[in-house]
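> Next one to model:
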Amino acid sequence: MSEPDSAYRYEPVSVSDESTVVAEFVPEEAEEPAYQSEAELEEAFIEQLRHQAYEYLPITTEAELLANLRTQLEALNQITFSDAEWRQLLGIVAAANEGIVEKTARLHTDHVQVITRDDGTAKNISLIDKANIHNNRLQVINQYEVEGTRANRYDVTVLANGLPMVHIELKRRGVDLREAFNQINRYQRESFWAGSGLFEYVQLFVISNGTLTKYYSNTTRDGHLAEQSGRRRRRKTSNSFEFTSWWSDATNAAITDLVGFTKTFFAKHTLLNLLTKYCVFDVDRKLLVMRPYQIVAAEQILQRILTSTNARQWGSTAAGGYIWHTTGSGKTLTSFKAAQLASAMEDVDKVLFVVDRKDLDYQTQREYDRFEKGAVDGTNNTAHLKRRLEDPGSRIIVTTIQKLANFVKANKSHPIYTDHVVLIFDECHRSQFGDMHTSITRAFKRYHLFGFTGTPIFTENAGSSGSPRLRTTEQAFGDRLHTYTIVDAIRDKNVLPFRIDYVNTVKLPAALPTAQVTAIDTEKALRSPERADAIVCYVLDHFDQKTRRNTSYLLKDKRVTGFNSLFAADSIDSAKHYYNVFEAEQRNREAADPAYQRLKTGVIYSYAANEEQVDGVLGEESFDTSDLDQSSREFLDDAIADYNDLFGTSWDSSADGFQSYYKDLSKRLKSRELDMVIVVNMFLTGFDATTLNTLWVDKNLRSHGLIQAYSRTNRILNSVKTYGNIVAFRDLEQATNDALALFGNREARGVVLLKPYADYNAEYQEVVAGLRAHFPLAEPIVGEAAKKEFISLFGQLLRLRNILTSFDEFAGDDPLTEREFQDYRSRYLDLHAEFRHAENAEKESINDDVVFEIELVKQVEVNVDYILLLIEQWRQTRGDGGDGGDVEVEARQSITRAVDSSPSLRNKSDLIMAFVDAVNVSGDTREDWRQFVTQRREAELAAIIAEEGLRPEPTREFMADAFRDGAVAVTGTAVTRILPPVSRFSVDGGHSAKKQRVVAKLSAFHHRYSGLV
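From the prediction side, this is the model:
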């Protein structure tokens, strides 16, 4: 195969009459060139749905919505409810104490409800028909009015059997798409729960400005709407625009215009398939909606099973195939759905999901357990696998290739071999091409073999070892059934692009020709102590910059700073040496500067037969440490002991201890508790951590091994993480270009890699010029339109600055002075506060019309240490004889500007400025600040205790716990213990109202004083 991006191969016969995703979409020319208002866009959208056989209903009230729901459920279930029966069913469907999660669970795990009829008989009532999807009726309504905490009117909603299932929010062309996203978030907070709460059955959201259209589920990858204290209060946790998706055709061409999107996504069979088959409600109670390329892959597998079974081709490559979906694109969800749907096929007896490495088994077990609890055979016991294979109830089994091969070896004849079996191999570019692959495929007779890989083996990157009939992915698994390359994924923003620095680590001797090289690939030069010292110093000098250590963001409701990284060494000896050099250099820096913050660093390796890459494959590392030489084993134990001291654990390099160390290390990387882990091959394949953003590479990489290693850094997390950082201390530029060309396309570099510094800087200079020209700091911003324009322009500046700060060239190249940037940031925060106030006021909100980049503001956060430094300079000015002149005034103004530009310090400005007024010309600024804050904090807490009649000592203990834990405990009995005796049955000012008032005051108090000392 000469070109990896060659045309796809499709089956001539389909599983169903209509595929969920259209094979290829050709957009039509726009017929209306004139301006289109939002109302006209909505009208045209509804008209198009009507042409697609949706029934339009002029429903705008809850009474009408409930009446239609009754009619639709009667039609679906071929029943006529009595009023008593309908009230019974409605009491289940619209349960007052349930929210979005519970109602989503009902649709996906309990969609058939039982009611007792008036004659005493029981009757099953389906809310949706999953077996025969076209029995479900689709209707469309618009401008539905509801009164929650505020009156809202929704744009367009699609009903399935009378239940709101899909909500569409429209904005006029040219408006930022995120404004529609923000408006839906407001609906979720303010009114979806109102009345009977039927809008909490909405499973999918669609946002469009006519030109751009995206969709997403009612929960995102990072979080969902959870119930807060109080019966009807909700809070938004991590609903992030970064996780919205494009719809596309089977060739991965995005269908962005609303007209094309409606013709494809809202085709009745497509939408009903999405709602009934391709939404996955996992064990974390999150709803995951599959992307089009995932759906195509799953359906291609089903299609191949059916057609090859009909042709009796099982047991050959004609009965299988492979899916090429790039690393990070969600292969686990795709493979699970394919396995789940295949296991439901009438003629299939078992589905085996096979992984080839124990460390991947850990990850796959966690992932698969999210979808189907108990599917994973996580033991080393082959007898356990044998029992699972013989159990008719075990339809899906996850196991390792090694254990399956051992089963085959120990059971020469077994009934499972003649059963109809589907085998799905994860990461099929690895060791399945060897003897184990052959023994498994020889044993099973009626099998279909499918592989998933992000980096297939083509002729260009095939090795020369092993059987010549099993050297490429196609030889081992059959036809490629679907492709989604790294170029596709980055274009769709499903993974991030890479930014690569090639760092010269070896000084060229004068006698050598002036070739443009970044390293000399000689053993002596690469392994010299001087080079290792230089690399370690480079990493430590640039660590904060590359991993954004001064950036803060929320990770699972916990605020953390910066990202973390892997350091890839070329051998175990190199990993040991680097670990020692990092420790020694950081001790030196700590001795020179007691305030120096050491990196939390770990190291991990195990025995690998071939440490270096062979034919592009990263060397296989197992959990076997017994074959390590004595020196490496002792070093590993010492490094694990350092880790134990750091985290209070008790692991070691024994068989069980090392596995526990691996899992603990993996968990702490994912939760951002570690800064860096030194590895040889472990964690460079099959490991996902969204907090990882940097790979330091002192190792030769190429082909699929290079892409696998680089892809550890480019998982989407939030708006701050915009790319994966690769810092290469070897000459990997040509290897990188070759790998990207092979696994993307011949133009891949322009998409996969960040643009050059000059491109971003030119755009940044243009934005700065526009900011100064249209919004000079000396003039106020007047009028709503001007404020929105400023917010948009400064948001562009923040996004560009977020990228530019990782370039070394940007230091000293910013046309904005620090003072200008602070002043603009202060204005931005003022407008943010103003718009938030407008949203909370009793008037029509305009906050949905603007998009604030607050996470990007927080990454340049001014902290207390910086303020105290300015105050120290201020008091030195006064101590040097300052008399209120220009110097002293400027010093005080610099403190005010810094505080005003900080999102977290603005509400503390009165404290800070009161301290400024109180400081003497002599003394210790930091100690004076600590005493000042302590006195003020105690005085304000005493005032709250007196105002609310709280128990003094329990309240002080309660707040001490809050400052220790980082949040006020709003649930449990802790709050109750600090309250005075109050009648729980008092109508006015009773226990519940008192508790809410006290929690609100103490939360505000905590927010005001947190992080000050």
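> drop to CA atoms for contacts and neighbour counts, all remaining ones
Fine.
> Surely residue 665 is in a helix?
Yes: going by DSSP: H, G, I helix; E, B strand; the rest coil, the assignment for residue 665 places it inside a helix.
> what's the distance between it and residue 633?
18 Å (Cα to Cα, to the nearest Å).
> where does residue 449 land in three-state SS?
strand.
> Please renumber the chain so that the first residue is 170 from this point on.
Got it, the first residue is 170 from now on, which makes the last one we talked about residue 618.
> Would you confirm that it contacts residue 593?
Yes: shown here, residue 618 and residue 593 form a contact pair, counting by Cα atoms under 8 Å, at 6.1 Å.
> Tell me which helix or strand the residue nearest the centre of the chain sits in.
The centre of the chain sits closest to residue 886, judged by Cα atoms, centre = their mean, with a distance of 4.3 Å. When elements are assigned from DSSP states H and E, residue 886 belongs to no helix and no strand.
> who's in contact with it?
Listed by Cα atoms under 8 Å, 6 or more residues apart in numbering, the contact set of residue 886 reads 411, 859, 860.
> Now rank these by neighbours and give me the top one.
residue 860 (27 neighbours; other Cα atoms under 10 Å).
> what's the nearest residue to it if we skip its chain neighbours?
Once flanking residues are discounted, residue 860 sits nearest to residue 732: 5.2 Å by Cα to Cα, 6 or more residues apart in numbering.
> so how far is residue 772 from the one you found?
Residue 732 is 18 Å from residue 772, by Cα to Cα.
> Neighbour count: the two, which is higher?
Neighbour count, other Cα under 10 Å: between residue 732 and residue 772, residue 732 has more, with 29 against 21.
> what residues are up against residue 623?
Per Cα under 8 Å, 6+ apart, neighbours of residue 623: 493, 494, 495, 496, 596, 654, 877.
> no wait, residue 1137
With Cα under 8 Å, 6+ apart, residue 1137 has these contacts: 1128, 1130, 1131, 1168, 1171, 1172, 1175.
> Leaving out sequence neighbours, find the closest residue to the fifth one.
What that stands for is residue 1171. Spatial nearest neighbour of residue 1171, chain neighbours left out: residue 1137 (7.4 Å); criterion: Cα to Cα, 6+ apart.
> just checking, what packs against the helix or strand hosting residue 972?
Using DSSP H and E, residue 972 sits within helix 953-973. If you count contacts as 3 or more Cα pairs under 8 Å, 6 or more residues apart in numbering; DSSP states H and E, helix 953-973 packs onto helix 926-943, helix 987-1009, helix 1023-1027.
> For residue 269, which of those helices is the nearest?
Nearest of the helices and strands packed on helix 953-973 to residue 269, taken as Cα to Cα: helix 987-1009 at 23.5 Å.
> Just the buried residues of that closest one, please?
991-1001, 1004, 1008 (16 or more other Cα atoms under 10 Å).
> Tell me the one among those residues nearest to residue 1119.
residue 1008 (33.1 Å).
> Return the alpha-carbon coordinates of stretch 423-440 using CSV.
Output of stretch 423-440 as CSV, limited to C-alpha atoms (Å, rounded to 0.1, in the frame of the first residue of the first chain):
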residue,chain,number,x,y,z
ALA,A,423,-17.3,18.0,8.3
ILE,A,424,-20.9,19.0,7.6
THR,A,425,-21.0,22.4,9.3
ASP,A,426,-23.8,24.4,7.6
LEU,A,427,-27.2,24.0,9.3
VAL,A,428,-28.9,23.0,6.0
GLY,A,429,-26.5,20.1,5.4
PHE,A,430,-26.4,19.2,9.1
THR,A,431,-30.2,19.0,9.2
LYS,A,432,-30.4,16.8,6.1
THR,A,433,-27.9,14.3,7.6
PHE,A,434,-27.9,14.5,11.4
PHE,A,435,-31.7,15.1,11.6
ALA,A,436,-32.6,12.4,9.0
LYS,A,437,-35.1,10.4,11.0
HIS,A,438,-33.2,7.1,10.9
THR,A,439,-29.9,8.8,11.9
LEU,A,440,-31.4,10.7,14.9
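> Next up, the contacts around residue 363.
Here residue 363 is in contact with 315, 316, 317 (criterion: Cα under 8 Å, 6+ apart).
> Could you check which helix or strand contains it?
Using DSSP H and E, no helix or strand contains residue 363.
> returning to that earlier point: and the pLDDT for the residue nearest to residue 1171?
Confidence at residue 1137, expressed as pLDDT, is 72.
> Can you tell me how far it is from residue 1121?
17 Å.
> coming back round to it: report the two members of the contacts of residue 623 separated by the largest distance.
Largest pairwise distance in the contacts of residue 623, by Cα to Cα, is 14.7 Å, between 596 and 654.
> residues in contact with residue 241?
Residues near residue 241 by Cα under 8 Å, 6+ apart: 306, 330, 331.
> helix or strand for it, which one?
helix 231-246.
> Tell me which helix or strand comes right after that helix.
Later in the chain than helix 231-246, the nearest helix or strand by DSSP H and E is helix 252-262.
> what helices or strands is that next one leaning on?
Against helix 252-262 (3+ Cα pairs under 8 Å, 6+ apart) you get strand 281-285.
> The stretch 520-669 of the chain: strands as residue ranges?
565-569, 589-594, 615-622, 649-653, 667-671 (DSSP state E, counting those that start in this stretch).
> hey, which of the ones you listed is tucked in deepest?
Across the strands of the stretch 520-669 of the chain, averaging neighbours per residue (mean count of other Cα atoms under 10 Å) puts strand 615-622 on top, at a mean of 26.
> Can you get me the centre-to-centre distance for that strand and its chain?
Offset of strand 615-622 from its chain centre (Cα atoms, centre = their mean, to the nearest Å): 29 Å.
> Among the contacts of residue 886, pick out the one closest to residue 610, please.
Nearest member of the contacts of residue 886 to residue 610, counting by Cα to Cα, is residue 859, at 36.3 Å.
> can you pull the contacts of that closest one?
839, 882, 883, 884, 885, 886.
> what's the burial count for the third one?
It refers to residue 883. As a burial measure, residue 883 scores 28 neighbours (other Cα under 10 Å).
> my guess is it meets residue 860, correct?
No: counting by Cα under 8 Å, residue 883 does not reach residue 860; the two are 9.4 Å apart.
> got a pLDDT number for the residue nearest to the centre of the chain?
85.
> and what of residue 225?
So residue 225 comes in at 96 (pLDDT).
> tell me the pLDDT at residue 218?
Value listed for residue 218 in the pLDDT field: 96.
> Please settle this for me: is it part of a helix?
Yes: assessed by three-state DSSP, residue 218 belongs to a helix.
> from memory it sits against residue 431, does it?
Yes: between residue 218 and residue 431 there is a contact at 7.4 Å, judged by Cα under 8 Å.
> Between those two, point out the one with more neighbours.
Each of residue 218 and residue 431 has its neighbours counted (other Cα under 10 Å); residue 218 has more, 21 against 18.
> so which strand or helix has residue 909?
Here residue 909 is assigned to helix 902-912, by DSSP H and E.
> And that helix, what does it pack against?
Short answer (3+ Cα pairs under 8 Å, 6+ apart): helix 902-912 packs on helix 872-879, helix 918-921.
> Next, the angle helix 987-1009 makes with the host helix or strand of residue 358.
Element membership for residue 358 (DSSP H and E) is helix 346-359. Orientation of helix 346-359 against helix 987-1009 (axes from the mean of the first three to the mean of the last three Cα atoms, to 10 degrees) gives an angle of 50 degrees.
> Tell me the buried residues in helix 346-359?
For helix 346-359, the neighbour count (16+ other Cα under 10 Å) marks 346-359 as buried.
> Export those as JSON lines, with columns for pLDDT and distance to residue 610.
Below are the buried residues of helix 346-359 laid out as JSON lines (pLDDT from 0 to 100; distance: Cα to Cα, whole Å):
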{"residue": "346", "pLDDT": "87", "distance to residue 610": "50"}
{"residue": "347", "pLDDT": "85", "distance to residue 610": "50"}
{"residue": "348", "pLDDT": "85", "distance to residue 610": "53"}
{"residue": "349", "pLDDT": "88", "distance to residue 610": "52"}
{"residue": "350", "pLDDT": "88", "distance to residue 610": "49"}
{"residue": "351", "pLDDT": "83", "distance to residue 610": "52"}
{"residue": "352", "pLDDT": "85", "distance to residue 610": "54"}
{"residue": "353", "pLDDT": "87", "distance to residue 610": "51"}
{"residue": "354", "pLDDT": "83", "distance to residue 610": "51"}
{"residue": "355", "pLDDT": "81", "distance to residue 610": "55"}
{"residue": "356", "pLDDT": "85", "distance to residue 610": "54"}
{"residue": "357", "pLDDT": "83", "distance to residue 610": "51"}
{"residue": "358", "pLDDT": "79", "distance to residue 610": "54"}
{"residue": "359", "pLDDT": "81", "distance to residue 610": "57"}
